[in-house]
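K.L.:
predicted model and sequence below, questions to follow.
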Amino acid sequence: MSYSFSHIINIVSAAENAELEKIQRITIESIRRAKQYLNSGVTVETIAAIGSNSSADVGFAERTAVLRRNVGDVSSFSTSRNLPIVSDILDEGVKASAAEYIVFSNADIALTPWFYNAITEFLKRGHDALVINRRRIPARLIDQPFEVMLAHAGSEHIGFDCFVFKKSLHNKFVKTNICIGIPMAGGDIFHNIFTFAENPVLLANQHLTFHLGIDLVKSWGNSEYYAHNRKEFRTLLKKLKPHMQIAKFPGAGLGFFRRHFRWLMNPTYDYRTMCSLDFSQWNSHRPKPTRKEIPGLAHRYYEWLQRKVNFREED
């Protein structure tokens, strides 16, 4: 059985964002390496999504998707930033795609060489969509060889910036004017996937992608852009809610207090929506959590202890 992927990535030129363009080069190199590592029956084409006036180099990509507008065309801001709209990136990328599956990831998300082979194995298990959390590695590694970056195990991250889904699912997605580069970007794709995919899965702790920089809190934009994305996100949830099945969302099978605590504390989720769905669909069948390989309080204690007593590079 063969699997074909179109990997959409929104790229910038050095003139648009010099810092991101430098990191982007690592991302492009990682894609090149992963495409050299493909198993038989797996094919990948890269689609570079760029602004209509961008001077970014798209020579690495087999196809190009041109974005005709940005967030400034749909809303007014005191400070202008030419940030693309996530739905536009997907729309134009899907139009240019000749594959069965879409991969979308941010320009600062690098791949492991085994990325495409690994996601193929998850799809073979019956999943039609994957959401992949990145690993965070120190920014000081930016000038190190790729192998040194790859060797760093990294730390967990709760944000979502890499998605894999059947191209046919895209027709069901509810579109928004959420712009890339500001919080809530990615949350729109996440909620569309877990609403419309038949068997989605969150891969929260796999070593499949990595990001330079271990920061969890960072100022990505001013209050106007935050307000714009929040408003669009709330509108999205209202449209999605009638179609949402709580059993498909991560955490639905956990105990009551554990799942509600995680939905409440994880910024990707709107707790009011999750809480409402949980109670209104109380009797729905829930997936059972994977049984722990080594359960028990003693194991949890030693897991905590080894994190505290182990020496690390940063010590």
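P.N.:
In hand now; what should we look at? Numbering: from 1, shown residues only.
K.L.:
any idea how far Gly51 is from Val71?
P.N.:
Per Cβ to Cβ, to the nearest Å, Gly51 is found 11 Å from Val71. Where C-beta positions appear, they are placed from N, C-alpha and C, glycine not excepted.
K.L.:
try Thr46
P.N.:
Taking Cβ to Cβ, one finds Thr46 at 25 Å from Val71.
K.L.:
those two: who's more crowded?
P.N.:
Ranked by neighbour count (other Cβ atoms under 10 Å), Thr46 and Val71 place Val71 first, with 25 against 20.
K.L.:
that one and Glu232 touch, don't they?
P.N.:
No. Assessed by Cβ atoms under 8 Å, Val71 is found out of contact with Glu232, at 9.6 Å.
K.L.:
find the residues that touch each one of these two.
P.N.:
Common neighbours of Val71 and Glu232 (criterion: Cβ atoms under 8 Å, 6 or more residues apart in numbering): Asn177.
K.L.:
is Ser6 in a bridge, and if so with what?
P.N.:
Glu45, Ile102 (DSSP bridges).
K.L.:
what sits against the one residue sitting closest to the centre of the chain?
P.N.:
In the chain, the centroid-proximal residue (Cα atoms, centre = their mean) is Asp161; its distance is 2.2 Å. By Cβ under 8 Å, 6+ apart, the residues touching Asp161 are 105-106, 109, 134, 186, 209, 211.
K.L.:
rerun at 10 Å
P.N.:
For Asp161, the contacting residues are 104-109, 131-134, 180, 185-186, 189-190, 209, 211, by Cβ atoms under 10 Å, 6 or more residues apart in numbering.
K.L.:
any idea how far Phe165 is from the residue nearest to it when sequence neighbours are not counted?
P.N.:
Leaving aside its chain neighbours, Asp161 sits nearest to Asn106 (4.5 Å; criterion: Cβ to Cβ, 6 or more residues apart in numbering). Distance, Asn106 to Phe165, by Cβ to Cβ: 16 Å.
K.L.:
more crowded one of the two?
P.N.:
Phe165 (25 against 22).
K.L.:
which stretches of this structure have low pLDDT?
P.N.:
Applying pLDDT under 70 to the chain flags residues 217-220, 314-315.
K.L.:
now do the helices in it.
P.N.:
18-36, 86-96, 115-124, 146-151, 187-196, 223-240, 256-265, 271-280, 297-309 (DSSP state H).
K.L.:
minimum distance to Leu202: which of these has it?
P.N.:
Closest approach to Leu202 among the helices of the chain (Cβ to Cβ): helix 187-196, 8.1 Å.
K.L.:
rewinding a little: mind checking which of the contacts of Asp161 are in strands?
P.N.:
When the contacts of Asp161 are checked against strands (DSSP state E), the matches are 104-105, 131-132, 209, 211.
K.L.:
of those, closest to Leu141?
P.N.:
His211 (11.0 Å).
K.L.:
okay, and the beta partners of that closest one?
P.N.:
Assigned bridge partners for His211, using DSSP bridges, are Arg136.
K.L.:
let me see the contact set for it.
P.N.:
Counted by Cβ under 10 Å, 6+ apart, His211 has contacts 23, 26-27, 106, 108-110, 134-137, 139, 154, 157, 159, 161-162.
K.L.:
from the residues you listed, list the buried ones, please.
P.N.:
Burial by neighbour count, 16 or more other Cβ atoms under 10 Å: within these this picks out 23, 26-27, 106, 108-110, 134-137, 154, 157, 159, 161-162.
K.L.:
tell me which two of those residues sit farthest apart.
P.N.:
So, the buried ones among the contacts of His211 by Cβ to Cβ: farthest apart are Ile26 and Gly159, at 18.6 Å.
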